[in-house]
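**Student:** Curious how this folds, go ahead:
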Amino acid sequence: MTPKNKLDCVSEFAKKWLAYQRVASDWILAIDRLGLSSVSHYDWLAKDEVFRKFEKTLKKHNVKQPDLAKIHQEANEAAIPILEFLFGPNETPIIPEFPDWFPGGYDEWCKKTHDMDLDMMHRIMGARNRILSSEFKTRPKLIPRSGWSNPYSITHWAKVFNISRKTMQNWLKNNQILARQVGSKWQIACEELPAADDKDTSV
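**Tutor:** Below is the predicted model:
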């Protein structure tokens, strides 16, 4: 899967997650406005009278209970291709679920789920950034196998990374960590100045 395909997967998952959050939020707000938040989930399941009154109130106000489990499953399926980018190597890749029943009402539900929603949005942005940065990683076959005694010019490595010589120079000037890493591993002099016979024709 190419980086572009992975970015498409991130966008698709973001849409599914936001849709899931919106539907869950709207549902909790609806039952809170109808005064149904105080109904316990157990009573709704176990007591026929409570269940009938609950459903009657929903029907009277034209409110339909969404299938949040199905929407959550759709978000899960959209996340599968990018789980490695959403979660770290020591994390269990689980897409969290929003509570579909909350006795504290809508305001309490928002407080309860705020951190969870914010964390997932940070993960989505982080996944996007990791995929974008992976495009600039050098493939092992491009690294010289032996004899690093002869430095490669900035132009050489600009071609390896498929960027302009000027961009490569800017990378080295603006990122000291990268400059040290590149300088030590690939023998590039980060202070190298343009030479008359080494002009950048791609700018």
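
**Student:** Let's see the helix or strand where residue 77 lies as CSV, backbone CA atoms only.
**Tutor:** Element membership of residue 77, judged by DSSP states H and E, is helix 68-79. Output of helix 68-79 as CSV, limited to C-alpha atoms (Å, rounded to 0.1, in the frame of the first residue of the first chain):
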residue,chain,number,x,y,z
LEU,A,68,-24.1,2.6,17.6
ALA,A,69,-22.5,-0.9,17.7
LYS,A,70,-22.7,-1.1,13.9
ILE,A,71,-21.3,2.4,13.4
HIS,A,72,-18.4,1.5,15.8
GLN,A,73,-17.8,-1.6,13.8
GLU,A,74,-17.6,0.4,10.6
ALA,A,75,-15.0,2.7,12.3
ASN,A,76,-13.0,-0.4,13.4
GLU,A,77,-13.0,-1.8,9.8
ALA,A,78,-11.8,1.5,8.4
ALA,A,79,-8.9,1.6,11.0
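
**Student:** Now do the buried residues in the helix or strand that it is followed by.
**Tutor:** Remark: after helix 68-79, the chain's next helix or strand is helix 83-86, criterion DSSP H and E. By neighbour count with 16 or more other C-beta atoms under 10 Å, helix 83-86 contains the buried residues 85, 86. Bear in mind the C-beta positions are built from the backbone N, C-alpha and C, glycine included.

**Student:** and the residue nearest to the spatial centre of the chain, helix, strand or coil?
**Tutor:** For the chain, the residue nearest the mean C-alpha position is residue 124 (1.5 Å; C-alpha atoms, centre = their mean). Following DSSP: H, G, I helix; E, B strand; the rest coil, residue 124 is assigned to helix.

**Student:** Give the burial count for the nearest residue to it once chain neighbours are set aside, as a bare number.
**Tutor:** The shortest distance from residue 124 to any non-neighbouring residue, by C-beta to C-beta, 6 or more residues apart in numbering, is to residue 14 (5.0 Å). Neighbourhood size, residue 14 [other C-beta atoms under 10 Å]: 19.

**Student:** For whichever helix or strand residue 14 is part of, buried residues please.
**Tutor:** Assigned by DSSP H and E, residue 14 falls within helix 3-33. Of all the residues in helix 3-33, those buried under the rule 16+ other C-beta under 10 Å are 6, 9-10, 12-14, 16-17, 20-21, 23-25, 27-32.

**Student:** I am finished for the moment; much appreciated.
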